[in-house]
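> Need coordinates for the following:
(chains A and B)
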Amino acid sequence: MRHIAVIGVPNAGKTTLYNYLTGSRFKTVNYPGSTVECSVGRGVSAEEVFFVDTPGIYSLIPKSADEEVTNRVLLEGFRGQAITGAIVLVDGTQLARQLPVVLQLQRTGIPMVVAVTMADLLAQQGVRLDTTMLSATLGAPVLLFNGANGDGEEDLSKAAQALPFKSIAHPPGPIGEDDIRTAARMAEKALQATPNPAQKLHAIRARTQAMDRFLLHPVLGPALFLGVMFLLFSSIYWLAAPFMDFIDETFGTWADAVAGATGPGLLGDFLSQGVVTGVGAVMVFVPQIFILFIGIGALEATGYFSRAAAIVDRFFTGIGLSGRSFVPLLSGFSCAIPAMISARNISSKRDRWITTFIIPLMTCSARLPVYALLLGFLFVDASPWIAGAVLALLYLGSLVVGGLAAGILNRILPQDKSSFLLMELPLYRRPHGRVVLRQALFRTWDYVRRAGPTIFVISVVLWTASTFPNYEAPPAERLQTSYAGQAGHVFEPLFRPMGADWRVGVGLISAFAAREVFVSALALTFNIAGEEADSMTGGVLAAMKDATFADGQKVFTVASVIALMVFFMIAMQCMATFAVARKESASMKFALTQLAAFNAVAYGLAVLIYQSLTALGF
Amino acid sequence: MSVDGLSRPNPYTQGMRLSSMSSGAKGSFRIQSVNADGPLAERMLEMGFCVGLTISVHGRLPFSGPWLVEIGTTVLALRNEEADALVVESV
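Prediction:
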């Protein structure tokens, strides 16, 4: 058994080739100590080979986290296994630009096979490459590969299997100007047999060029982009919602079943309310995360996102980021979890760090039920347009706060000399369904595996805090006298300045489990019974109107409700986000800093707003 | 002109920085020199920018956005600082 690395430049069709080489049967893991993804799978036509997929590189000398991993895999091996050969890819339509990496690899002494991809595009235009001449010059087999139907995979696998067993002899040196010139000469010679090669190669880009006239148009471009993203996010609702309801119900049923099986008592309640519900708290995110990964993955694969990143890059450099942060940040408006995971694609470590840090500030969709409740209280008789406008303001506000946070972080963190755009706008391509599906599945499973335990533990802790010590009492009383309720009472002086009483406090504490829990927690603390969401909301709204502090002052005034909305807009949201932030940054300190900083800022702003609005008479 | 666009720049032509061109600039240019150091210089070379290369400039994205530069069969988006490193002459 040998391990052969698959190496290539981004956008050259490496993922497609890799899927064909391994029959899409591979295991994706995160390279140790990072969240950069690496895959290993057995060759379907080369049973004695394990193909190791490496992140795309522009050079074997790393300038990004991705390139570092490829470099280390080559030099140190993968999971303790030395790399004894390589398949290096070049895009057949960009030979001159991509051959330098091949030359760089050749100098390391590792046995290699060169795969020339996009053979279908070349054939379409009648471009013929002299692979024999290339092979003779490079001293390695050079084989064509057709990504559309997989032609050439078998020959490539067999050639890889037949490579001499040797691992890397010399560490890679930088790509030099002579490499560029040598590559240019080689490409020219390889195309000699084709009449008018430049024109034909140019024709390959014709369709992409035509589409870019719209997609990079100053007005149409951003409009189309926002339209696409809006469609994607709203699909979360009508596609994911039924599944999420289904999961909710299923876990609810299981909880009842467990409770029934163990009979009344502490163990039963712990198992059904604590454990089963805790697992449900992890799984309920799965549909929306999975769908978002599919949508984002498919759009990514078409090459579309690089256009979006190019259009907005200008605005992001102002706060120290790049256009590549755009899609992850935008996704945060839907749910922070897949957003933080998709931030892995950002090549600059620093940019990625900042982006992951500010993603939770993008007010996510789980907060909508809370906004709905609070807006419903404020604008009970007003037209829905006003409520809509305020909602839009909240979203805008979170963008502003996010931008500020990024700006501040940008000043605090040391500069990154190797942050560039220099971004390729690749040919538009139809995504491969199977490839997109596999990646979405892997990333969803990754979330469950890595964040699951943390979410589960916090869920159980919260359940314990809101159930004990008055376990025997009826639900409302139990919550009110529980540890969480006591904490709410104890901290009321803290909540008072922002216009909240202990009941709201308990709601805020419980909302750490999931933002929507705020509404049901309020219902419990106000003794509102009823399972129906509508009747419950109505009941809560009525109770809110009459709720007073011990001294008779009304709790829910315009000032306090607005303060509460702002608090929700900014405060670090849910335990799931916390757990994923910790895993994506590989640092508890990161996640705790996020939690502390956002909640502190949210609190400060809420207090400020409440005090000033109250002073103004609201 | 060769298929990859590598040819010798004209030593008598005064080159200009790509970043100094007006936003609507379009057309073919030849790279006279790449003025950058450190990681940026390396990266520009790795992306294919080198002396003698012919590039096709497709103007700039709105709001002083990135420059769109075509090399061979691909288009790259370059920030102003990156475009600043390219000294070019018209062809």
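
> Flag every buried residue along stretch A:115-135.
A:115-122, A:125, A:127, A:129-131, A:134 (16 or more other CB atoms under 10 Å in any protein chain shown). Any C-beta I mention is one placed from the backbone N, CA and C, and that applies to glycine too.

> same question, stretch B:6-21
Quick answer for stretch B:6-21 (16+ other CB under 10 Å): B:Leu6, B:Pro9, B:Gly15, B:Met16, B:Leu18, B:Ser19, B:Met21.

> And stretch A:471-490, by the same measure?
Neighbour-count burial for stretch A:471-490 [16+ other CB under 10 Å]: A:Arg478, A:Leu479, A:Gln480, A:Ser482, A:Tyr483, A:Ala484, A:Gly485, A:Ala487, A:Gly488, A:His489.

> Flag every residue of chain B that's near chain A.
Residues of chain B found near chain A (CB under 8 Å from any CB of the partner chain) are B:1-4, B:6, B:38-40, B:42-48, B:50-51, B:61-66, B:68, B:71-79, B:82.

> Filter the residues you listed down to just the ones in strands.
In strands, judged by DSSP state E, the following of the residues of chain B next to chain A are found: B:Leu68, B:Ile71, B:Thr74, B:Val75, B:Leu76, B:Ala77, B:Leu78.

> longest helix of the chain?
Using chain A. helix A:433-467 (DSSP state H).

> could you do chain B instead?
As assigned by DSSP H, the longest helix anywhere in chain B is helix B:38-46.

> roughly how far is that helix from the heart of the chain?
Centre-to-centre, helix B:38-46 and its host chain are 13 Å apart (CA atoms, centre = their mean, to the nearest Å).

> Look up how far B:Leu53 lies from the nearest residue to A:Leu99 once chain neighbours are set aside.
The shortest distance from A:Leu99 to any non-neighbouring residue, by CB to CB, 6 or more residues apart in numbering or on different chains, is to A:Ala183 (3.6 Å). From A:Ala183 over to B:Leu53 the distance is 11 Å, taken as CB to CB, to the nearest Å.

> ok, now A:Gln81?
Applying CB to CB, the value for A:Gln81 to B:Leu53 is 40 Å.

> next one: B:Val69
From B:Val69 to B:Leu53 the distance is 10 Å (CB to CB).

> How about A:Leu479?
70 Å.

> Skipping its backbone neighbours, what lies nearest A:Gly43 in space?
A:Val49 (4.3 Å).

> same check, this time on B:Ala36
B:Ala85 (3.8 Å).

> ok, that neighbour - contacts?
B:Arg17, B:Val34, B:Asn35, B:Ala36, B:Leu40, B:Ala41, B:Met44 (CB atoms under 8 Å, 6 or more residues apart in numbering or on different chains).

> chain center to the longest helix of chain A, what's the gap?
For helix A:433-467, the distance to the chain centre is 13 Å (CA atoms, centre = their mean).

> for the record, mean pLDDT for it?
For helix A:433-467, mean pLDDT is 81.

> Would you mind identifying the next helix or strand past it?
helix A:475-481 (DSSP states H and E).

> residues making contact with that following helix?
The contact list for helix A:475-481 (CB under 8 Å, 6+ apart) reads A:466-467, A:469-473, A:485, A:506, A:521, A:524-525, A:527.

> could I get those as TSV with distance to chain B?
TSV is the format used below for the contacts of helix A:475-481 (distance: CB to the nearest CB, whole Å):
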residue	distance to chain B
A:Ser466	50
A:Thr467	55
A:Pro469	60
A:Asn470	60
A:Tyr471	61
A:Glu472	64
A:Ala473	61
A:Gly485	52
A:Val506	47
A:Ala521	45
A:Leu524	50
A:Thr525	49
A:Asn527	55
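
> Switch those residues over to CSV; also include distance to A:Leu399.
As requested, the contacts of helix A:475-481 are arranged in CSV below (distance: CB to CB, whole Å):
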residue, distance to A:Leu399
A:Ser466, 34
A:Thr467, 39
A:Pro469, 44
A:Asn470, 44
A:Tyr471, 44
A:Glu472, 48
A:Ala473, 44
A:Gly485, 36
A:Val506, 30
A:Ala521, 28
A:Leu524, 34
A:Thr525, 33
A:Asn527, 38
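
> Look up which helix or strand A:Val114 falls in, please.
Applying DSSP H and E, one finds A:Val114 within strand A:112-117.

> Packing partners of that strand?
Secondary-structure packing of strand A:112-117 (3 or more CB pairs under 8 Å, 6 or more residues apart in numbering or on different chains; DSSP states H and E): helix A:14-22, strand A:83-91, helix A:95-107, helix A:131-138, strand A:142-144, helix A:153-161.

> Show me what from the stretch 1-150 of chain A comes close to chain B.
A:Tyr58, A:Ser59, A:Ile61, A:Lys63, A:Thr93, A:Gln94, A:Leu95, A:Ala96, A:Arg97, A:Pro100, A:Val101.

> on that earlier part again, narrow the buried residues of stretch B:6-21 to those in strands?
Among these, the residues falling in strands (DSSP E) are B:Met16.

> Buried residues, the longest helix of chain B. List them.
For helix B:38-46, the neighbour count (16+ other CB under 10 Å) marks B:Leu40, B:Glu42, B:Arg43, B:Met44, B:Leu45, B:Glu46 as buried.

> Contacts only, for the third one.
Applying CB under 8 Å, 6+ apart, we find B:Arg43 in contact with A:Tyr58, A:Ser59, A:Lys63, A:Ser418, A:Phe420, A:Leu422.

> Which of the residues you listed scores worst on pLDDT?
Within these, lowest confidence goes to A:Ser418 (65).

> Tabulate the CA atom coordinates of stretch A:129-136 in CSV.
Only the C-alpha atoms of stretch A:129-136 are listed here, as CSV (Å, rounded to 0.1, in the frame of the first residue of the first chain):
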residue,chain,number,x,y,z
LEU,A,129,-1.8,18.9,-26.9
ASP,A,130,1.4,17.1,-27.6
THR,A,131,1.5,15.1,-24.4
THR,A,132,4.3,12.9,-25.7
MET,A,133,6.6,15.9,-26.0
LEU,A,134,5.6,17.1,-22.6
SER,A,135,6.2,13.7,-21.1
ALA,A,136,9.7,13.6,-22.6
